[in-house]
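Enquirer: Any chance you can model this:
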Amino acid sequence: MLLEDDYQVVHFSGHATSSGKLALEDEDGNPKLVAPGTLAALLSNFKSIECVLLNACYSAQAGGPVSLGIPFTIGMEGPISDDAAKHFTRGFYDALGAGKGYQFAYNMGCSAMALEGFAAEELTPQFMEKQST
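Expert: Model (predicted):
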């Protein structure tokens, strides 16, 4: 899919291990664990990507895209419930759709979780920004 267009946002929604490996599917639908560095190396080839959203438990450990040139990465620090993750996503994309920036969209995602009763998980998403060199 990454070859089909110049995407600005890449969104992974699913599961990860406590070590930050993302659970993807192979061609037969079987789980395939992908190390954060492997994903980061793949995504670093696509210069149009501005933000990677890793909406999976423990995915803040997979924040490697930031270190390889992706300007913004959002990952989850520890576990997050499916419902909280959905509310974060809704708030995040509502803000992007309104023309707001990634930091603002992240804040709206966190606020959306809190407003829907998931205040305990409000700090689970982590916003990581590539540092200027």
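Enquirer: Three-state assignment for the residue of the chain most remote from its centre, please.
Expert: Residue farthest from the centre of the chain, counting by CA atoms, centre = their mean, is Asp28 at 24.6 Å. Using DSSP: H, G, I helix; E, B strand; the rest coil, the three-state assignment for Asp28 comes out as coil.
Enquirer: Kindly state the pLDDT recorded for it?
Expert: Turning to Asp28, the model gives it a pLDDT of 93.
Enquirer: Do you have the strands of this protein handy? List them.
Expert: With DSSP state E applied, the chain shows strands at 9-13, 15-16, 22-25, 31-34, 51-55, 72-76, 125-129, listed in chain order.
Enquirer: Let's have the ones you listed in JSON lines, adding mean pLDDT.
Expert: Putting the strands of the chain into JSON lines (pLDDT from 0 to 100) gives the following:
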{"stretch": "strand 9-13", "mean pLDDT": "92"}
{"stretch": "strand 15-16", "mean pLDDT": "87"}
{"stretch": "strand 22-25", "mean pLDDT": "88"}
{"stretch": "strand 31-34", "mean pLDDT": "90"}
{"stretch": "strand 51-55", "mean pLDDT": "92"}
{"stretch": "strand 72-76", "mean pLDDT": "91"}
{"stretch": "strand 125-129", "mean pLDDT": "92"}
